[in-house]
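# coordinates for the following, if possible.
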Amino acid sequence: MSNQFFNFKQFTVYQDKCAMKVGIDGVLLGSWTPINDAKKILDIGTGTGLIALMLAQRSDAKVLGIDIDKNAFLQATENIKNAPWSNRITLLENSIQEYSESTTKRFDLIVSNPPYFVNSFKSPSESRTKARHTDFLLHEDLIICSKRILTITGRICLILPVIEGFKCVDFGERNELFCTKLVKVIPKLDAAPKRIMIEFSQNYSKKVESEILIETENRHSYSEEFTQLVKDFYIKL
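Numbers count the residues shown, from 1 in each chain. Presented below is the predicted three-dimensional model:
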């Protein structure tokens, strides 16, 4: 989905000419995450600020984006200062491990598109390594730290590769965080799911499972369900 305009209502970014990098995982999570009546939202590993901006557009909540990487923090700062909702978005350069130990805040919704490469070849760029590898943020740490600063009725929403995602579901349930929604993301017809989106809650309810197909027969021919999910954010689709 490259070379398309990305539209935050009045705030438009062209990928090839701006620091805003629009990845499909972030777009999916930012579009799908149930907002409900969330008043305080935390975006862990905010990167360019993409998901924080999307959730601010979709709600009236105050959003905190946190990232351990200085370059990501600076890039997000630049992107968010031009947004119509900049007065509701705050950024913090810190790890979730340190932040969850020190803050007294509690969040109604916590989202993350976390690192997902485990024991694989690492980039020579430290920033890229932090963004893509779990060395700096184990998924188990993410779940435990998030639970620590979640309200009683709060929810955690993640997008992960399938294997890592189901491991998180198992780990979460062992720590009394229950998977209430699970969406398998299928990149194209006749392909296996590549990602899953997960909603966790501290309150048990029957898990609702579904699937979403991105592309149909041809490259850049998008399914109706995917188009409906992300249409508020793309000018061209």
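# who touches residue 189 in this structure?
Contacts for residue 189 (Cβ atoms under 8 Å, 6 or more residues apart in numbering) come out as 213, 215-217. For every residue, glycine as well, the C-beta is placed using N, CA and C.
# swap in residue 29?
Here residue 29 is in contact with 51, 111, 113, 157-159, 197 (Cβ under 8 Å, 6+ apart).
# any idea how far residue 62 lies from residue 68?
Using Cβ to Cβ, to the nearest Å, residue 62 is found at 21 Å from residue 68.
# give the residue spans of this protein that score low on pLDDT.
Scanning the chain with the threshold set as pLDDT under 70 gives 1-21, 116-137, 237.
# can we see that at 80?
Scanning the chain for pLDDT under 80 picks out the ranges 1-22, 115-137, 219-220, 235-237.
# and the helices in this structure?
24-32, 50-58, 70-81, 96-102, 126-132, 139-148, 162-174, 224-230 (DSSP state H).
# now distance to residue 205 too, for those helices, in a markdown table please.
Compiled in a markdown table, the helices of the chain are given as follows (distance: least, Cβ to Cβ, whole Å):
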| stretch | distance to residue 205 |
| --- | --- |
| helix 24-32 | 18 |
| helix 50-58 | 22 |
| helix 70-81 | 33 |
| helix 96-102 | 25 |
| helix 126-132 | 33 |
| helix 139-148 | 17 |
| helix 162-174 | 13 |
| helix 224-230 | 22 |
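# is residue 222 bridged to anything, and to what?
residue 215 (DSSP bridges).
# going forward can the numbers begin at 47, since that is how I track them
Will do, 47 is the new start, and the previous item becomes residue 268.
# residue 108 reaches residue 134, doesn't it?
Yes - the pair residue 108 / residue 134 is scored as a contact, 5.2 Å apart, by Cβ atoms under 8 Å.
# against residue 107, how distant is residue 210?
Remark: distance between residue 210 and residue 107 (Cβ to Cβ) = 27 Å.
# that should have said residue 190, apologies.
24 Å.
# between those two, who's got more neighbours?
The neighbour comparison of residue 190 against residue 107 (other Cβ atoms under 10 Å) goes to residue 107, with 20 against 17.
# and for the residue nearest to residue 188 when sequence neighbours are not counted, the neighbour number?
Leaving aside its sequence neighbours, residue 188 sits nearest to residue 160 (Cβ to Cβ, 6 or more residues apart in numbering; 5.6 Å). By the criterion of other Cβ under 10 Å, residue 160 has 24 neighbours.
# now do the contacts for residue 112.
88-92, 137-142, 145.
# and the nearest residue in space to it that is not next to it in sequence, how far is that from residue 123?
In space, residue 112 comes closest to residue 138 once its chain neighbours are excluded; the distance is 4.8 Å by Cβ to Cβ, 6+ apart. From residue 138 across to residue 123, the span is 11 Å (Cβ to Cβ).
# pretty sure the residue nearest to residue 188 contacts residue 93?
No - using Cβ under 8 Å, residue 160 makes no contact with residue 93, being 10.5 Å away.
# any idea how far residue 245 lies from residue 99?
Where residue 99 is concerned, residue 245 sits at a distance of 20 Å (Cβ to Cβ).
# of these two, which one has the most company?
In this view residue 245 and residue 99 are compared by other Cβ under 10 Å, and residue 99 has more residues nearby, 31 against 21.
# was I right about the more buried one contacting residue 129?
Yes - between residue 99 and residue 129 there is a contact under Cβ under 8 Å: 5.6 Å.
# that older thread, which of the contacts of residue 75 lies closest to residue 215?
Of all these, residue 215 sits closest to residue 204, with 9.7 Å by Cβ to Cβ.
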